[in-house]
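1. Give me a 3D structure for the following:
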Amino acid sequence: MKSPKLSIIIPVYNVEKYIKHCLDSIKAQTMKDFEIIVVNDGATDNSEKMIKEYQKNNPDLTIKYFKKENGGLASARNYGVKYAKGDYISFIDPDDYLDNNTYEDLKVYMDEKIDVIKFKLKLVNTKKEIMELVSGPVFNKCSGEEAYKILCISDKFMDPACIYLYRREYFIENNFQYRLRYHEDFGLTSLVIINAKTFVSTNCYGYNYLQTDNSLTRDNDYNKNKLRAKDMIAHYDYMIENIEKYNIQKETKEFVKRYYTNSVILKTQTLNEQEQKEYIKEIKKRKMYKNIKVNNIKQLIKRILLESSFFKYVDCFMFIIGTYIRSCIYHYEKMF
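-> Next comes the predicted model:
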């Protein structure tokens, strides 16, 4: 039996309000050569009932349904990849949806067997109104290393898995897996991109990213922020420890280190005062200021100043400014 062009993996956890709309948007795709893999990550609402009904009412669709104990988004995605048979893998959050021609527009790149295909998203509200077109550079086929540098230089690098198509063979051969419970995209997307032999960034705005608190990936429970911060640091440690193992240019490694450092530092704004103090200790322990590029400091400080939440805690604000000043001193001393 011929493998489908695409495996669409949907991790599901308590999204009964949205899952049908998500599945409807996939059913409406003008490119029909796909399979749908739904992974129920221990949902406690009516998601399972709705999915099974949808499966029954749409016998023309290939829908593979799996149920597992709750393990988080990373676990559910990895589970889905194991059962994927398509040439490409696409991840969709169950409260999001696609434009009808999304995969048709990307098919030309799948036919070229590009390792990683990037497209774009629209931020939408529950009324399906477009709140923002999330822009980014558009460029033709190049290596993953080149692509990573272009994305970082543009300051438009985004790591959500939902805006990438991955060639399954490439993904499996490299044993890419999502790690930990939080910030799973942050922990993997950079590796997938920089190791790719071919990468393309398209102008397809085919993904609708719903702004709601009920998403599997967008839980804003502040009680979990400490765990999120812990996982953020763990992803940083893993990347810094393993980056030297990859056969990539020194310049690319520096881009990776800067991206991870900036992301970790800016995470500080989501924590309360006590959590920030603990988090800052971890940052200081790792001397992250060494990874910051001096000519980016002005831009980063401007970004910090625009984030009003930093002003809630003066100690946090002063630490971040101090970190970038320390970086200037460190790089200046290295010159002599």
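
2. Now do the contacts for Y164.
-> V116, I117, K118, F119, T189, V192 (C-beta atoms under 8 Å, 6 or more residues apart in numbering). The way it works is simple: take the backbone N, C-alpha and C, and place the C-beta from them, glycine included.

3. Show me the helices in the stretch 201-336 of the chain, by range?
-> Ranges of helices in the stretch 201-336 of the chain, per DSSP state H, counting those that start in this stretch, are 225-242, 250-266, 273-285, 297-306, 314-334.

4. Domain boundaries for the protein, per the record?
-> 6-210, 295-336 (automatic domain parsing).

5. quick one on the thing from earlier: now, the most widely separated pair of the contacts of Y164?
-> Distance extremes for the contacts of Y164: the farthest pair is F119 and V192 at 14.9 Å, using C-beta to C-beta.

6. Who has more neighbours out of these two?
-> Legend: neighbour count by other C-beta atoms under 10 Å for F119 and V192, higher for F119 (24 against 21).

7. can you pull the pLDDT of the more buried one?
-> F119 carries a pLDDT value of 96.

8. Can you tell me how far Y182 is from E145?
-> As judged by C-beta to C-beta, to the nearest Å, Y182 and E145 stand 27 Å apart.

9. If you could redo that for I36, that was the one I meant.
-> Counting by C-beta to C-beta - I36 and E145 are separated by 33 Å.

10. Which of the two has more residues huddled nearby?
-> Just comparing I36 and E145: by other C-beta under 10 Å the higher neighbour count belongs to I36, 26 against 21.

11. Give the bridge partners for the more buried one, please.
-> With DSSP bridges as the criterion, I36 is bridged to I8, I63.

12. so it touches I26, yeah?
-> Yes. Using C-beta atoms under 8 Å, I36 is in contact with I26, at 6.0 Å.

13. Check what pLDDT L271 gets.
-> Note on L271: pLDDT of 79.

14. One more: S263?
-> pLDDT, S263: 83.

15. Neighbours of it, how many?
-> S263: 17 neighbours (other C-beta under 10 Å).

16. Leaving out sequence neighbours, find the closest residue to it.
-> Spatially, and ignoring its direct neighbours in sequence, S263 is nearest to F186 (6.4 Å; C-beta to C-beta, 6 or more residues apart in numbering).

17. before we move on, what about P94?
-> V15 (4.2 Å).

18. just checking, that neighbour touches D96?
-> No. Shown here, V15 and D96 do not form a contact pair, counting by C-beta under 8 Å, at 10.0 Å.

19. What is the burial count for the nearest residue to I51 once chain neighbours are set aside?
-> Closest residue to I51 apart from its sequence neighbours, by C-beta to C-beta, 6+ apart: V38 at 5.5 Å. Neighbourhood size, V38 [other C-beta under 10 Å]: 26.

20. before we move on, what about D87?
-> Counted with other C-beta under 10 Å, D87 comes out at 18.
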